[in-house]
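A.B. asks: Sharing a model that was predicted from the sequence below.
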Amino acid sequence: MFDNIDRTDIEQLGEFGLIEYLTKAVELTQPSTIKGIGDDAAVLDFSGQKMLVSTDLLLEGIHFDLRYVPLKHLGYKAVQVNLSDIYAMNGKASQITFSIGLSSKFPLEAVEEIYEGALIACKKYGVDLIGGDTSASAQGLVISVTSIGYAEEAKIAYRSAAQEGDLLCVSGDLGGAYVGLQLLEREKQIFLENPNIQPDLEGKDYIVERQLKPDARKDIVELFEAYDIKPNAMIDVSDGLASEILHICKASGVGCKLYEEKIPIDPMTYETAREFGLDPTVCALNGGEDYELLFTIPQDQYDKVKNQLDITIIGYITEQNAGCEMISKSGNVHPIKAQGWNAFSKEK
């Protein structure tokens, strides 16, 4: 895939030369960053705030397919999916480390694209890249990102603090990333059968972008602060709505009622799912990679969220013995089951 560009073999630079080359454009903007790249460790000062740390690993062939994922988008997404974990704690993201393992097929120009995407994400979200590592890899491309943030102790939203009677809410819309993935996979198969046929993605920009270039919901955390909304429990929707609901309910020792008709699904997601013979609700429940925020709030905060266009109330929290159930559009009751992403599934 890199035969048509001028190649610079990474071994010409060596590890330290590569690090220096890739990080020359890094700028530090966070007051909490005392020392970034250039020493044995970064130095951070959060002035009494609680520090939040999360790490994600992305593996070629497991988490992404380079036959349709642009490298710049990959770098951007690798940062976004990690920042999402900080926002899911109701925190503010401030720094990341970005580590990469490379096989010999990747020239310097390819690595530059990955880092360019990562730095675009850093700039957009106001976080500093303060370190990382580079290594040779025998198994293709490996990316590991660690995100660091902070929050006041009283504002941190854990998965384990949902209360009976809480409203169950979600940001944005769901299922788009999964349906976008189905579209990309279809076009990949068509291309493999006939390389002369160009991908047909016209009119599907939204769902393709939901898969290739997701945006973590920093804006929702900022909305919480502006309207003095304090989620009791929160999680990001990375593995599908059903899975995340069950995570909150299990950690909190509660049950829930979810209303199918309330699940927010974009019209393009809905229509494209139908074109593929898929149930849009199932895509939202089990698709994953939407990186929206699922959270619970006390009922007395209803007035603060009822008119927020990007927040939907989709159900409520019940006592544990009531179980986790979805009420369908036809009024039938179904137990919520998680059938989303499994990183260790043998069926890929």
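C.D. replies: Ah, there it is.

A.B. asks: ok, which stretches of the stretch 201-348 of the chain are helices?
C.D. replies: 205-212, 218-226, 241-252, 267-275, 280-286, 302-305 (DSSP state H, counting those that start in this stretch).

A.B. asks: out of these, nearest to I148?
C.D. replies: helix 218-226 (14.6 Å; CB to CB). Every C-beta, even on glycine, is put in place using the N, C-alpha and C of the backbone.

A.B. asks: Next one: the most centrally placed residue in the chain from M89, what distance?
C.D. replies: In the chain, the C-alpha nearest the mean C-alpha coordinate belongs to V81, at 3.1 Å (CA atoms, centre = their mean). Using CB to CB, to the nearest Å, one gets 15 Å for the distance from V81 to M89.

A.B. asks: The nearest residue to V333 once chain neighbours are set aside: neighbour count?
C.D. replies: Closest residue to V333 apart from its sequence neighbours, by CB to CB, 6 or more residues apart in numbering: E325 at 5.3 Å. Close neighbours of E325, defined as other CB atoms under 10 Å, add up to 15.

A.B. asks: E325 reaches N332, doesn't it?
C.D. replies: No: counting by CB atoms under 8 Å, E325 does not reach N332; the two are 10.1 Å apart.

A.B. asks: tell me which residues form a beta bridge with the residue nearest to V333?
C.D. replies: For E325, the beta-bridge partners under DSSP bridges are K257, P335.

A.B. asks: Domain-wise, how is the chain divided?
C.D. replies: As assigned by automatic domain parsing, the chain contains the domains 10-155, 159-335.

A.B. asks: Can I get those domains in JSON lines including mean pLDDT?
C.D. replies: Converted to JSON lines, those look like this (pLDDT from 0 to 100):
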{"stretch": "domain 10-155", "mean pLDDT": "86"}
{"stretch": "domain 159-335", "mean pLDDT": "95"}
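
A.B. asks: Now for the nearest residue to A138 once chain neighbours are set aside: which residues touch it?
C.D. replies: Using CB to CB, 6+ apart and skipping residues adjacent in sequence, the residue nearest A138 is S103, 6.7 Å away. The neighbourhood of S103, defined by CB atoms under 8 Å, 6 or more residues apart in numbering, consists of A136, S137, A138, Q139, G140, L141.

A.B. asks: ChimeraX command for the buried members of those?
C.D. replies: Those of the contacts of S103 that count as buried under 16 or more other CB atoms under 10 Å are selected in ChimeraX with:
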select :137,141
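
A.B. asks: which among the contacts of S103 gets closest to E113?
C.D. replies: L141 (11.7 Å).

A.B. asks: Any idea what the nearest residue in space to that closest one that is not next to it in sequence is bridged to?
C.D. replies: Of all residues not flanking L141 in the chain, E60 sits nearest, at 4.2 Å (CB to CB, 6+ apart). Beta bridges link E60 to F64 when assigned by DSSP bridges.
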